[in-house]
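Visitor: need a structure here:
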Amino acid sequence: MTIIIRLDRMLADRKMQLSELAEKVDVSIVNLSNLKTGKVRAVRFSTLNAICKALGCQPGDILEYVEEEDDI
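Guide: Okay, here's the model as predicted:
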């Protein structure tokens with residue numbers, strides 16, 4: 001299984017910069033950048049909650065599950 005992070009799409013849809021989101025959710029730009037590029041292995045629910053609140057979206061708007069061929 002693969003989880004794809006769609007944070008960049010949500011930021012573009014909301015016309016928001018990563019730095020603005022970082023300020024709103026009180027998370028460093030580096031940590032949000034790592035999340036955006038998929039370099040993280042886990043996300044705290046509190047962080048996900050803050051991101052969804054700031055962007056006015058649902059977790060499914062940011063995270064997408066995709067089955068890999070060898071998972072089928």
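Visitor: Can you show me the strands along this protein?
Guide: Under the criterion DSSP state E, the chain carries strands at the ranges 2-5, 63-66.
Visitor: Figure out which of these is closest to Leu32.
Guide: Among the strands of the chain, strand 2-5 comes nearest to Leu32, with 10.5 Å by CB to CB. C-beta coordinates here come from the backbone N, C-alpha and C atoms, glycine included.
Visitor: Who are the packing partners of the closest one?
Guide: Strand 2-5 sits against strand 63-66, with contacts defined as 3 or more CB pairs under 8 Å, 6 or more residues apart in numbering; DSSP states H and E.
Visitor: Counting by contacts, list what the strand it packs on packs against.
Guide: Counting by 3+ CB pairs under 8 Å, 6+ apart, strand 63-66 packs on strand 2-5.
Visitor: Could you list the buried residues of the strand it packs on?
Guide: By neighbour count on 16 or more other CB atoms under 10 Å, the buried set for strand 2-5 is Ile5.
Visitor: Each with direction, which strands does that strand pair with?
Guide: Strand pairing for strand 2-5, determined by DSSP bridges: strand 63-66 (antiparallel).
Visitor: need the helices for this structure, in chain order.
Guide: 7-13, 18-25, 29-36, 45-55, 59-62 (DSSP state H).
Visitor: Export those helices to TSV and append columns for distance to Glu69.
Guide: TSV is the format used below for these (distance: least, CB to CB, whole Å):
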stretch	distance to Glu69
helix 7-13	24
helix 18-25	32
helix 29-36	26
helix 45-55	28
helix 59-62	23
